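> Structural data only, the sequence is not supplied:
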């Protein structure tokens, strides 16, 4: 309670309004509400770090304040406006509040500022670029790779990093470093840890990087014949073993001439003899080239002219006999051919390379020829081979008696006309 002594000899010299204004402004104004701040200003820190908790009273600078602190509902026994927590632990976390006292007057309690103390996150070593081979930890000699130390939830913090390859420290303090034109010696198990102020994370798990020599590619053909005929279609393919999924660029040669082709395969439609030659390829990933593949030769020939043969090989047979007519292609063995046949100018419904004539008749006589087809290829017609089927005559001697003989011309089995001749000696 404030008492004004009106008996003071100077009382009459003061204006009443001034007196009450002085009292209201100086003695009746409530103390300002303090604020708790953290230095550094992060509300989440890692165990082992150092933090300063400060109680600030706006406009109360220079006054002789005494402070009282609470963490949660428990007093901390601290009377200055700040205190320093070195190597904090999780038990130092909580909601901090403060109030100030000057003479016998207390401020109200500040709002609560929460400090969270957590264990430093375990970092992770990653490799960039992030293609499949990099994820599996394999790159080729001569390529470029970036090794990166990532701390989940630690973005924006001022980290210093420590690196190891195997058990050997690497002189690198940033969160990543770039290996240009990697060599086999750059391979190994990489691990890292981070430090913020005085707090270290644990070591990351090891990420293994393998640096290998690029695998020599192979040229294959589809279909797999190294000899094809003009007019056919073939796909030439460059295969890199264990290189699936990688972003390869390809270079091709036929003989010593480059082919303007950058994909792993190309299709030759309706091949000509000019497409023949020795094909080779190599692949590039990043800045690393494989060596050239071995040469795979492709031979493009004019389709061979087929030949018609007979089995047995007689061009003249008798009615009732059996003969096989065969279409043969020199050098075309193993290919998937379809056949077309003619007798004279009449097509025969036969698609295999041979057919069997059992009990031949005169109507089977004629000039036989054939040709072959395969995908888009059609050979020319073979030369004609002529088959002649004749009526077979048999003479039968029949002994009737000692002086009497019969000679009979036996009937032809297939001939339309039959005759019997009786001779008497």
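Yep, that arrived. Here the structure is a predicted model, which means the values were calculated and not measured.

> quick one, domains of the chain?
Domain segmentation of the chain under automatic domain parsing yields 35-118, 124-212, 219-301, 307-390, 393-425.

> and residue 330, how many residues sit next to it?
Applying other CB atoms under 10 Å, we find 9 other residues in the vicinity of residue 330. (Glycine included, C-beta is placed from N, CA and C.)

> Check residue 44 too.
Residue 44: 13 neighbours (other CB under 10 Å).

> what pLDDT does the closest residue to it other than its chain neighbours get?
If the residues on either side of it in the chain are set aside, residue 44 comes closest to residue 116, at 4.4 Å by CB to CB, 6 or more residues apart in numbering. Residue 116 carries a pLDDT value of 93.

> now swap in the one 10 residues further on and tell me
The model reports residue 126 with a pLDDT of 93.

> My reading is that it lies in a helix. Confirm?
No - assigned with DSSP: H, G, I helix; E, B strand; the rest coil, residue 126 falls outside any helix and is strand.

> Quick one: residues contacting the nearest residue to it once chain neighbours are set aside.
Closest residue in space to residue 126, ignoring its immediate chain neighbours: residue 148 at 4.9 Å, by CB to CB, 6+ apart. By CB atoms under 8 Å, 6 or more residues apart in numbering, the residues touching residue 148 are 125-128, 175-176.

> next one: residue 68
The contact partners of residue 68, by CB under 8 Å, 6+ apart, come to 75, 79, 98-101.

> From the structure, what's the count of residues near residue 386?
Neighbours around residue 386, by other CB under 10 Å: 13.

> which secondary structure elements does the host helix or strand of it contact?
Assigned by DSSP states H and E, residue 386 falls within strand 385-390. Packed against strand 385-390 by the contact rule (3 or more CB pairs under 8 Å, 6 or more residues apart in numbering; DSSP states H and E) you find strand 307-311, strand 316-318, strand 366-374.

> just checking, next helix/strand downstream of the longest one?
Using DSSP H and E, the helix or strand that directly follows strand 366-374 along the chain is strand 377-378.

> Could you tell me the model confidence score at residue 142?
84.

> go on, residue 59?
Predicted confidence (pLDDT) for residue 59: 77.

> what do you get for residue 6?
On the pLDDT scale, residue 6 gets 46.

> ok, now residue 288?
Listed pLDDT for residue 288 reads 81.

> Isn't it up against residue 214?
Yes - counting by CB atoms under 8 Å, residue 288 touches residue 214, with 5.8 Å between them.

> Which one of these two is surrounded by more residues?
residue 214 (21 against 17).

> where in the stretch 1-150 of the chain is pLDDT low?
1-29, 62, 130-136 (pLDDT under 70).

> Walking through it, point out its strands one by one.
Ranges of strands within the stretch 1-150 of the chain are 35-39, 44-46, 51-56, 66-71, 74-75, 82-85, 94-102, 105-106, 113-118, 124-128, 138-140, 145-150, based on DSSP state E, counting those that start in this stretch.

> List the residues that contact the closest residue to residue 86 other than its chain neighbours.
Closest residue in space to residue 86, ignoring its immediate chain neighbours: residue 50 at 5.0 Å, by CB to CB, 6+ apart. Each residue near residue 50 by CB under 8 Å, 6+ apart is listed here: 84-88, 197-198.

> Please tabulate the residues you listed in a markdown table, including the columns distance to residue 140 and neighbour count.
Listed next are the contacts of residue 50 as a markdown table, based on distance: CB to CB, whole Å; neighbours: other CB atoms under 10 Å:
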| residue | distance to residue 140 | neighbour count |
| --- | --- | --- |
| 84 | 53 | 10 |
| 85 | 51 | 16 |
| 86 | 50 | 10 |
| 87 | 46 | 11 |
| 88 | 47 | 18 |
| 197 | 41 | 15 |
| 198 | 42 | 11 |
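
> Identify, from the residues you listed, the entry nearest to residue 368.
Proximity of those to residue 368, judged by CB to CB, is greatest for residue 197, which lies at 98.6 Å.

> what's the spacing between that closest one and residue 159?
Separation of residue 197 from residue 159 (CB to CB, to the nearest Å) stands at 10 Å.

> and residue 205, helix, strand or coil?
Assigned with three-state DSSP, residue 205 falls in the coil class.

> That one reaches residue 192, doesn't it?
No - counting by CB under 8 Å, residue 205 sits too far from residue 192 to count as a contact (10.1 Å).

> Could you verify my assumption that residue 60 touches residue 33?
No - using CB under 8 Å, residue 60 is not in contact with residue 33; the gap is 10.5 Å.

> what about residue 228, distance to residue 272?
11 Å.

> Spit out the contact partners of the residue nearest to residue 44.
Here residue 116 is in contact with 43-45, 93 (CB under 8 Å, 6+ apart).

> Pull out the buried residues from those residues.
Among the contacts of residue 116, the ones that count as buried by 16 or more other CB atoms under 10 Å are 45, 93.

> Counting neighbours, what do you get for residue 292?
14.

> Check residue 259 too.
Residues lying near residue 259 (other CB under 10 Å) number 15.

> next one: residue 102
Neighbour tally, residue 102, other CB under 10 Å: 14.

> Same check on residue 212?
When neighbours are defined as other CB under 10 Å, residue 212 has 14 of them.

> same deal with residue 205?
Count around residue 205 with other CB under 10 Å applied: 11.

> roughly how far apart are it and residue 158?
Here the criterion is CB to CB. By it, residue 205 lies 24 Å from residue 158.

> try residue 54
20 Å.

> Repeat that for residue 298.
Separation of residue 298 from residue 158 (CB to CB) stands at 63 Å.

> ok, these two, which is more surrounded?
Just comparing residue 298 and residue 158: by other CB under 10 Å the higher neighbour count belongs to residue 298, 20 against 9.

> what's across from that one in the sheet?
residue 277 (DSSP bridges).

> tell me the pLDDT at it?
Predicted confidence (pLDDT) for residue 298: 97.

> pretty sure it contacts residue 223?
No - counting by CB under 8 Å, residue 298 stays clear of residue 223, with 11.4 Å between them.

> Identify the contacts common to those two.
Common neighbours of residue 298 and residue 223 (CB under 8 Å, 6+ apart) are residue 234.

> which residues touch residue 289?
Residue 289 makes contact with 142, 214, 282-283 under the criterion CB under 8 Å, 6+ apart.

> So which of the residues you listed is the closest to residue 240?
Relative to residue 240, the closest of these is residue 283; by CB to CB it sits at 5.2 Å.

> Let me know the secondary structure of that closest one.
Classification of residue 283 using three-state DSSP returns strand.

> And the nearest residue to it once chain neighbours are set aside, how far from residue 288?
The shortest distance from residue 283 to any non-neighbouring residue, by CB to CB, 6+ apart, is to residue 248 (4.4 Å). Per CB to CB, residue 248 is found 10 Å from residue 288.
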